[in-house]
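K.L.:
Please find the sequence and the predicted model below.
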Amino acid sequence: MYNETTSSPYKPPCQKLDVKQTASQLLPPLYSFVFIFGFIGNALVFLVLIKCKKLKSMTDIYLLNLAISDLLFVITLPFWAHHAADQWVFGNGLCKVLTGFYHLGFFGGVFFIILLTIDRYLAIVHAVISLKARTVTSGILTSVATWGVAGFASLPAIIFTKSQKEANQHTCSPQYPWHQFYLWKNFQALEMHLLGLVLPLIVMLFCYSEIIKILLRCRNEKKKHKAVRLIFVIMIIYFLFWTPYNIVLLLHTFGPNDCESSKRLDRAMQITETLAMTHCCINPVIYAFVGEKFRQNLSAFFCKYIVPHLCKQCSIFHGETLDPVNSTYSRATGEQDISTGL
């Protein structure tokens, strides 16, 4: 959610009409693109997990919650697109609610990616020991706790973001107390940086390095190379999309604070934040669609629920019961194919 920087109470406000004009032209189409593809992809993941997979493992629980996080995130984008194109016309209440959804979706998405990473680590590195721990009940309990932590991390943004009139236009942006302006501004920037980049980096580096050690001992060369390749894709994509935004955010908060530098960083924020947002469109691909079992369930979902409505004359679909989960799901371990890591 791009917002023009809240002016410091200790210096004259910087006029950013040119930055606002650039945002009004650039951001609405970009936000619309992310919204369309992010909503469709994550909605499909949600429906397939509910209708076909029946949430039979901890991995399924985490994938479902990751999809919910991304959906919370993307449903706010049409409102931010309108805000960038014109002004905030939805009132203070919706300003706070959508800010809450945005940050809850952001932190929830990060935390469930971390949980999926740890889940893969336990399933592959400690396969036997983790059998009793990696249950649906454990997945539900840890998910509830994770949403609680994400909600707590979102509180400062919800509290300080509000709708107010600035320069003859209504905005929905952070408004920190003057006597604690830099404290809260710096806190929120560091929170986004530490929880959105540093923590996932530490967890991924540790877990995936241990997973790779195990996979390198695998005798099946094809599956080994496929799994290792997917691990690198997951890590590289995450940090490729989020690192630029985090760097610009830190520069924006702790770098030069003259007006021209602030304008340049505002433009950089517009680009890098939109790039980071598109990661929610990639999540369904790298965490769900790449898995062979998930693709089978996706095909079954379309054949069972979508195709009959599109082609009612094709009676073959109406009498067919497709449940590939039963033939591919291992009740002993609750595991998916190691070759995809999912």
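P.N.:
Yep, it's here. Values in this document were obtained by computation on a predicted structure and should not be read as measured data.
K.L.:
what stretches of the chain score poorly on pLDDT?
P.N.:
Applying pLDDT under 70 to the chain flags the ranges 1-15, 221-225, 227, 292, 305, 307-342.
K.L.:
Please name the nearest non-neighbouring residue to the spatially most central residue of it.
P.N.:
Centroid-nearest residue in the chain, with C-alpha atoms, centre = their mean: G109, separated by 3.8 Å. Excluding its sequence neighbours, the residue lying closest to G109 (C-beta to C-beta, 6 or more residues apart in numbering) is S69, at 4.1 Å. Heads up, the C-betas are built off the backbone N, CA and C, glycines and all.
K.L.:
how about the one you found, what does it touch?
P.N.:
Residues near S69 by C-beta atoms under 8 Å, 6 or more residues apart in numbering: 104-106, 108-109, 112, 150.
K.L.:
and which of those residues is nearest N186?
P.N.:
F106 (18.4 Å; C-beta to C-beta).
K.L.:
gap between the helix or strand harbouring the closest one and the chain center?
P.N.:
Per DSSP states H and E: F106 is located in helix 91-125. Distance, stretch centre to chain centre, for helix 91-125: 6 Å (C-alpha atoms, centre = their mean, to the nearest Å).
K.L.:
buried ones in that helix?
P.N.:
95-96, 98-124 (16 or more other C-beta atoms under 10 Å).
K.L.:
Now do that helix: which elements does it pack against?
P.N.:
With contacts defined as 3 or more C-beta pairs under 8 Å, 6 or more residues apart in numbering; DSSP states H and E, the packing partners of helix 91-125 are helix 58-74, helix 77-85, helix 136-160, strand 161-166, strand 169-174, helix 199-215, helix 279-284.
K.L.:
Can you check what angle separates it from helix 199-215?
P.N.:
Orientation note: helix 91-125 sits at an angle of 20 degrees relative to helix 199-215 (axes from the mean of the first three to the mean of the last three C-alpha atoms, to 10 degrees).
K.L.:
what angle do helix 91-125 and helix 77-85 make?
P.N.:
Counting by the same axes, to 10 degrees, helix 91-125 points 130 degrees away from the direction of helix 77-85.
K.L.:
Return the residues in contact with the closest residue to H170 other than its chain neighbours.
P.N.:
Spatial nearest neighbour of H170, excluding adjacent residues (C-beta to C-beta, 6+ apart): W88 at 4.6 Å. Shown in contact with W88 (C-beta under 8 Å, 6+ apart): 95, 163, 169-172.
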